[in-house]
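In: model this:
(chains A and B)
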Amino acid sequence: MPNKITIWKIRNNNPLRKSFTKNNIKLEEFDALVKITVEMSKYLYPYIREILKSKEDPKNYSAIWNDFHKRFLELINERFNINSIRVKKLLNQTENDEIIIKSLLTLSLCLSNEANKKLKSFLYSF
Amino acid sequence: MQNSFLFNQSSVSLEIIGLPDYSNNEDKDQISIISQWKLNIIDKPLIEGKMEHLVPIMDAFYIYSNLLITSDIPLYESNLIDIKADNLHIHNIVLKSSKPDVEPLIIKIGNSLLSDIINCFDQLNESSKVRIKKSVFTYKIPKKVRFTLNNRVKFYNFILPPLISICSLVLFSSILFYFYYPLENEEKNELINPK
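Out: The predicted model follows:
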C-alpha cells in the first residue's frame, strides 16, 4: 500500500458502498487489507471487548452498545447504498445484531501473529 | 525449582508451571515438561489440570470459536469438555473430571471472556519459552477460494511468457524486413532495366 489514497480506492471494491467501483482487487491488495485490519483490531481490542461485554450485560452497560450501534447505523446510512437489500438488512435493528456481534467477535479473535491466516479463514467462511 | 509463565489478556490469565528438559540441553528458563496449568477467569471458578488435558481443552476452545463464526449451531462435545451456546452472547462450558464421583464443573462465559481465553491460548502457542506439543487445530482456507484468488496470478504467469516471446518475434522480424527491402528493390530495378 503506497499511500492512503490506494487504501481508499481499494475500499471502493465493496459492492455495498455508494462509491462502489469494480477494480478487480489483486491478491496482494487483499492480503494488505487483511494485515491492516488485524493491526487495527490489536489496537482497538479493549474497545471491541467493552462493546461485546455491554451487549452481554445490557442492564449495567447498555450505554456503550447503544452508542456503538447508533454510530454504526449513521455510518451505514452515510456511506453505503441504502437501496441495496443487503444494506437494508444491515440497517434492520432486529436482524443486524448477529452480523455486528459476529464481526466484532471475529476481530477480537484475531490478535496473534497468525491472525492474518485466521482472519482470512473466517472471511472465506462468512 | 519449577518455572512458571503467565499469559494475560484482560480478565483471563493462563499460568503454566513446569520444568525444562535438561536432557535436551534446554535453557533453565524454559518449560518442556508441564506439571500443572491454571486458567484463571475473574469471577469464575479456577480451571486447572495436568499436561494431557491442556491441548484437548485448547483445541476445544479453538474449534468452538471457529464454529461460532462459521456455523449457525456452534457445539463442541468430548469426554473432557462440552461447549455450547446458550444464545448469541452466552456460552455454556461443562468441564468433566477424569476422577470418578466428581461432579462436572459448569461455567457460563460471554463473548468478551471467550475472546480473552482464545487470546491467552494464542500467546501460549506463540511463546518460545514454553515448548509443548501445541494445539493441532489450524485455520484452513477453503481450496476453492484459494484457487479463485491464485487463479488470476497463475493466469498472468501462464499468458505473459508466450506474449513476450510473440512480441519479441514480431519486433525481430520487423528488423529483418527493414534489411530485406533494399535488396528486393534492387532486383526489381534490374529486371525492369537490364544493363
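In: Could I get the full set of helices for chain B?
Out: For chain B, helices defined by DSSP state H occupy the ranges B:51-70, B:111-126, B:143-192.
In: anything in the shortest one near chain A?
Out: Right, the one you point to is helix B:111-126. Yes - Helix B:111-126 comes into contact with chain A (C-beta under 8 Å from any C-beta of the partner chain), by way of B:111-112, B:114-116, B:118-119, B:122-123, B:125-126. (Each C-beta comes from the backbone N, C-alpha and C, glycine too.)
In: Buried residues, the longest helix along chain A. List them.
Out: Secondary structure of chain A per DSSP H: the longest helix is helix A:27-56. Under the neighbour-count criterion of 16 or more other C-beta atoms under 10 Å in any protein chain shown, helix A:27-56 has A:29, A:32-34, A:37-38, A:41, A:45, A:48-56 buried.
In: who's in contact with B:Asn111?
Out: Applying C-beta atoms under 8 Å, 6 or more residues apart in numbering or on different chains to B:Asn111 gives the contacts A:52-53, A:55-56, A:101, A:104-105, A:108, B:89, B:91.
In: and which of those is nearest A:Ile25?
Out: A:Leu104 (23.9 Å; C-beta to C-beta).
In: Now do the same for the closest one: helix, strand or coil?
Out: Assigned by DSSP: H, G, I helix; E, B strand; the rest coil, the conformation of A:Leu104 is helix.
In: Contact partners for it?
Out: A:Leu104 makes contact with A:48, A:51-52, B:111 under the criterion C-beta under 8 Å, 6+ apart.
In: In terms of distance to B:His53, which of these ranks first?
Out: Of all the contacts of A:Leu104, B:Asn111 has the smallest distance to B:His53: 24.3 Å, by C-beta to C-beta.
In: Please tell me how far the closest one sits from B:Tyr76.
Out: According to C-beta to C-beta, to the nearest Å, B:Asn111 and B:Tyr76 sit 16 Å apart.
In: before we move on, what about A:Ser54?
Out: The gap separating A:Ser54 from B:Tyr76 is 26 Å, by C-beta to C-beta.
In: now swap in B:Pro162 and tell me
Out: 51 Å.
In: For the two, indicate the residue with more neighbours.
Out: Between B:Pro162 and B:Tyr76, B:Tyr76 has the larger neighbour count (other C-beta atoms under 10 Å in any protein chain shown), namely 20 against 9.
In: pLDDT score for that one?
Out: For B:Tyr76, the model assigns a pLDDT of 93.
In: Could you restrict the buried residues of helix A:27-56 to the ones contacting chain B?
Out: Near chain B, by the rule C-beta under 8 Å from any C-beta, you find A:49-50, A:52-53, A:55-56 out of the buried residues of helix A:27-56.
In: I'd like the residues you listed written out as TSV, with distance to A:Pro2 and pLDDT added.
Out: Below are those laid out as TSV (distance: C-beta to C-beta, whole Å; pLDDT from 0 to 100):
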residue	distance to A:Pro2	pLDDT
A:Arg49	33	95
A:Glu50	34	94
A:Leu52	35	94
A:Lys53	38	93
A:Lys55	38	90
A:Glu56	41	89
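In: what does chain A have sitting close to chain B?
Out: Residues of chain A lying near chain B by C-beta under 8 Å from any C-beta: A:24, A:26-27, A:30, A:46, A:49-50, A:52-53, A:55-57, A:97-98, A:101-102, A:104-106, A:108-109, A:111-114, A:117-118, A:120-122, A:124-126.
In: Counting neighbours, what do you get for B:Ile17?
Out: Counted with other C-beta under 10 Å, B:Ile17 comes out at 16.
In: so what's residue 110 up against?
Out: No chain specified, so I'll use chain A. A:37-38, A:41, A:118-119, A:122.
In: Oops, wrong one, chain B.
Out: A:52-53, A:56-57, B:89-91 are the contacts of B:Gly110 under C-beta under 8 Å, 6+ apart.
In: Show me the beta-bridge partners of it.
Out: B:Ile90 (DSSP bridges).
In: confidence score at it?
Out: At B:Gly110, the pLDDT value in this model is 94.
In: again, but for B:Asp72
Out: On the pLDDT scale, B:Asp72 gets 78.
In: Could you do A:Tyr61 as well?
Out: Per-residue confidence (pLDDT) for A:Tyr61: 78.
In: From what I see, it and A:Ile51 are in contact.
Out: No - under the criterion of C-beta atoms under 8 Å, A:Tyr61 is not in contact with A:Ile51, lying 9.3 Å apart.
In: which ones are touching the spatially most central residue of chain A?
Out: By C-alpha atoms, centre = their mean, the mean C-alpha position of chain A lies nearest to A:Ser103, the distance being 6.1 Å. For A:Ser103, no contacting residues are found, by C-beta under 8 Å, 6+ apart.
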